[in-house]
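**Q** Here is my input; please provide its structure:
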Amino acid sequence: MTAIPSEIPPLKLHTKLLYSLGSVANAVKQRGLATFLMLFYNQVVGLPPATVSGVLMLALMFDAFVDPVVGQVSDNFRSKLGRRHPFMYFAALPVAVAYFLLWNPPAGWGDEAIVAWLVVCLLTVRLFDTFFELPSSALAPELTRDYNERTSLVSMRAFFTVVGGLGMTVAAYQYFLAENPDGSGGILARDGYLAYSAVSAVLIFIVILASTAGTHSRIPYLVQPPTRKITFKAMAREVAHTLNNRAFVIATLTGMFIAVAAGSKNGLEIYFALYFWELTQGQLAILTAVSVAGSLCGVVVAPHIARAMGKKHGAILMFASALAVGITPIALRLVGLMPPNGTDLLFVILLLETFFNSGMAVATGVMLFSMVADVVEDAEVKTGRRSEGLLMSADNLFKKIVSGVGIFIAGSVLSMVSFPEGARRGEVSPEILQNMGLIYLPLVTLLYGMGIVCLSLFNIDKAKHEDNLRILDEAGARATAAAHEATDTTAQPLPGGPAPIGSKA
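**A** So this is what the prediction gives:
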């Protein structure tokens, strides 16, 4: 078994807060890419939607295959700064610079050059974001082994994810990409993206350094891997052995279905908001603020639901409820039962849907992440190795691959319905909008439904987790006793030989 430092002091509140703050960096990046990037390069820059979605899928697949490499390397990396922190410190500057450049392609370039710019910048962002986000996420199982405290820590991290990602989105709508009274400007104008990207890049840089430094004091109490030489073949064998875990496979399949659905949803969400519901940017900002409030409620209630029902059953309840709430407005519009666009009643319905859907979705995500963290000890019992980075990265690998498929599906849907470039609110054909809804609704329902079915098969509960901890503690105690016995035996003088160093003659 991998050695775990003894007498680990409890986590202090400021350490939890600074650790959790790190999720802001990924949230700002992720929300920016999901909300604006397709629209920016399609409607503002002028690339075809299928081209943009294809590049986004390529970047996610690249990121997915980089993740396990970084995870396995960080699991086995030895340094004075531990396994994780060197990667986290190193990521800050490159990811910030690349994110800024992503939103500022040179003016006057042709489509092929712009596509190349998009590919290079996006791959750089994905690569160095992995250098921070994956080791940072892998710290969670090491920072606390307690079943319920782990969920609370994940909830705190989710809180900053919501505040950072959605908060920056609100700022974009209301300030950086604000729409002028005459209808000019807004998210379809290029000028505002300069300030938006600059502030986002600076925020990402500061947050990464602050979060990494905030957990620096825990380095002496984190796991250090054994010193060893390992071949690529042996590493591949270890990876396969670690990932051959029923709970991990189930959690990963669940995440894959969610990722495909979420990729499709995120790619089309802004199109539904602007053209299907014909919302103004002011209304979009309000919806985003309501989403923040709902998400924060989800963060708060997730630990309580997990304690009361168990993580699996709590996640299933929240997951199914979020699906039902999320599809209802579009379904009602398709059958002619929603109020007309521009009415107060319509906006109130969308506000309620956004609040409850966001809260239940975030609560589901908190419990799912905590469930994957519980796989760490289960895998260690079976393999004798702690592989937080590998497990987190492999989970991300499959989700990112299929999430790229989801984004590609979103672009394909826009192409299938012949969605026009440079479109304005109220000018898109009702037939195009109806076809978009008719394709989107059953697709998302099927994918999320399959995720719920997979989640019901997860097999680690609180009792199983505590049994795993007991087995690991007993194995650790035996290893410590054996080491002390070997030391005592070595220290005994040979008959007629000299006394051990430091003993009295």
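
**Q** in the stretch 101-250 of the chain, what spans have low per-residue confidence?
**A** 147, 183, 224-243 (pLDDT under 70).

**Q** ah, wrong one, I meant the chain
**A** 1-7, 64, 147, 183, 224-243, 386, 388-390, 392-404, 483, 486-505.

**Q** With adjacent residues omitted, what lies nearest to Leu47?
**A** Among residues not flanking Leu47 along the chain, Tyr41 sits closest, at 4.9 Å (Cβ to Cβ, 6 or more residues apart in numbering). C-beta here means a position set from N, CA and C on the backbone, and glycine is covered the same way.

**Q** since we're on the nearest residue to Phe176 once chain neighbours are set aside, how many residues are nearby?
**A** Spatial nearest neighbour of Phe176, chain neighbours left out: Tyr196 (3.8 Å); criterion: Cβ to Cβ, 6+ apart. Using other Cβ atoms under 10 Å, Tyr196 is surrounded by 21 other residues.

**Q** Can you give me the buried ones in the longest helix anywhere in the chain?
**A** Ordering each helix of the chain by length in residues (DSSP state H) puts helix 344-383 first. Residues 346-347, 349-351, 353-381, 383 are the ones in helix 344-383 that count as buried (16 or more other Cβ atoms under 10 Å).

**Q** Which elements pack onto it?
**A** helix 111-143, helix 147-171, helix 232-243, helix 246-271, helix 281-309, helix 311-334, helix 388-416, helix 462-491 (3 or more Cβ pairs under 8 Å, 6 or more residues apart in numbering; DSSP states H and E).

**Q** the inter-axis angle of the longest one versus helix 147-171?
**A** Comparing the axes of helix 111-143 and helix 147-171 via axes from the mean of the first three to the mean of the last three Cα atoms, to 10 degrees yields an angle of 150 degrees.

**Q** what distance separates the helix or strand harbouring Tyr99 from the centre of its chain?
**A** Using DSSP states H and E, Tyr99 maps to helix 85-102. With Cα atoms, centre = their mean, to the nearest Å as the basis, helix 85-102 stands 17 Å off its chain's centre.

**Q** what do you get for stretch 43-62?
**A** 20 Å.

**Q** Need the residues that contact it.
**A** Stretch 43-62 has contacts (Cβ atoms under 8 Å, 6 or more residues apart in numbering) with 33, 37-38, 41-42, 105, 111, 114-115, 118-119, 122-123, 126-127, 188-190, 193, 263, 267, 400-401, 403-405, 407-408, 410-412, 414-415, 419, 421-423.

**Q** can we see that at 7 Å?
**A** Residues from elsewhere that reach stretch 43-62 (Cβ atoms under 7 Å, 6 or more residues apart in numbering): 38, 41-42, 105, 111, 114-115, 118-119, 122-123, 126, 188, 190, 267, 400-401, 403-405, 407-408, 410-412, 414-415, 419, 421-422.

**Q** What subset of those residues is buried?
**A** For the contacts of stretch 43-62, buried by 16+ other Cβ under 10 Å: 38, 41-42, 105, 114-115, 118, 122-123, 126, 188, 267, 400-401, 403-405, 407-408, 410-412, 414, 419.

**Q** if we can go back for a sec, the residue nearest to Leu47 is in contact with Val115, isn't it?
**A** No - assessed by Cβ atoms under 7 Å, Tyr41 is found out of contact with Val115, at 8.9 Å.

**Q** now for the helix holding Tyr99, which elements pack on it?
**A** Using 3 or more Cβ pairs under 7 Å, 6 or more residues apart in numbering; DSSP states H and E as the contact test, the elements touching helix 85-102 are helix 111-143, helix 192-214.

**Q** what's the burial count for Arg333?
**A** By the criterion of other Cβ under 10 Å, Arg333 has 20 neighbours.
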